[in-house]
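*Asks:* Curious how this folds, go ahead:
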Amino acid sequence: MASVEELLRSSTLYRNLSSEDQKRLAGVSLARAYEKGETIFGEGDAPDYLVTIASGRVKVTKNLPSGKEIILEIFGPGDPVGAVVAYEGKPYPASAVAIERAECILVRRKEFFALFESHPSLVRGFLTGMAQRIVELTRRIPEVAGGRVETRFAHLFLKLAERVGRPQAGGRFVPMHLSRQELADLTGTTIETCIRIMSRWGKEGIIATEPDGFLVRDQRALERLLET
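*Replies:* Predicted coordinates:
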């Protein structure tokens, strides 16, 4: 696994820091790898660290009173996880779990803000990184802004194909196993609707469900759904 200094240099949030500020931040940070299924933080835990994903994928989940678990979001490299809660110092309202091996940067919260107060250059560099992340995140707004269910599914699969997909014969393969319930949670619909859409798209040759992921066969068909 890479050192925390190497992860900071490659992270969108921290790569704009000067080498001196990166060294200061490395002194109050640690690099940790989480295996698939391992919990990074649990609902109700204190936010002792600011967590940023360096590699891998993490899902944020919420347990409902009924006992059902729903997926709120899936994060990948460059994404901070639970950042707003960590800034406010409140307990995490949801859990974060690795859905594949994930390397994370954990910055000690109290020491991080102490550095902010004593090193203005660190603040400027960090805000530059945050601005870049905001630009990237604004591209996701249409995915959660309502609209037709099929449009939300199209946004989801286009995002996955862009961020983690790799070329494969017949299309672009997304190496991420998500159940029909998880797909329904991510698109804000019912599992019945999800099953119906995925079944039809499979027959129409748009997306093929494979044991270890999805093959996006007709990306243009998904893009056309965004145009309607």
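*Asks:* For the rest of this, base every contact and every neighbour count on C-alpha atoms.
*Replies:* Will do.
*Asks:* The helix or strand of the chain with the lowest mean pLDDT: what's the following helix or strand?
*Replies:* When each helix and strand of the chain is scored by mean pLDDT, DSSP states H and E, helix 120-138 comes last, with a mean of 68. Next along the chain after helix 120-138, taking DSSP states H and E as the criterion, comes helix 149-163.
*Asks:* neighbours around residue 160, how many?
*Replies:* Residue 160 is flanked by 19 other residues according to other Cα atoms under 10 Å.
*Asks:* How about the contacts made by it?
*Replies:* Going by Cα atoms under 8 Å, 6 or more residues apart in numbering, residue 160 touches residue 174.
*Asks:* for the protein, which spans come out with low pLDDT?
*Replies:* Scanning the chain for pLDDT under 70 picks out 129-147, 228.
*Asks:* Go again with 80.
*Replies:* For the chain, residues meeting the criterion pLDDT under 80 lie at 1, 12, 63-70, 83-84, 87, 123-147, 163-164, 227-228.
*Asks:* any idea where the strands of it begin and end?
*Replies:* Assigned by DSSP state E, the strands in the chain fall at 29-34, 39-41, 49-55, 58-63, 69-75, 80-81, 95-98, 102-108, 166-168, 171-174, 207-210, 213-216.
*Asks:* Provide the strand pairings for the third one, with the direction of each partner.
*Replies:* What it means is strand 49-55. strand 80-81 (antiparallel), strand 102-108 (antiparallel) (DSSP bridges).
*Asks:* What lies in contact with the longest one?
*Replies:* This means strand 102-108. 1, 4, 7-8, 25, 28-36, 48-58.
*Asks:* In contact with the residue nearest the centre of the chain, which residues are there?
*Replies:* Most central in the chain under Cα atoms, centre = their mean is residue 75, positioned 0.7 Å from the mean C-alpha point. Shown in contact with residue 75 (Cα under 8 Å, 6+ apart): 53, 57, 58, 59, 60, 81.
*Asks:* hmm, back to that, I'd like the strands of the chain written out as CSV, with distance to residue 19 added.
*Replies:* Below are the strands of the chain laid out as CSV (distance: least, Cα to Cα, whole Å):
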stretch, distance to residue 19
strand 29-34, 15
strand 39-41, 28
strand 49-55, 18
strand 58-63, 28
strand 69-75, 27
strand 80-81, 21
strand 95-98, 30
strand 102-108, 17
strand 166-168, 33
strand 171-174, 36
strand 207-210, 44
strand 213-216, 39
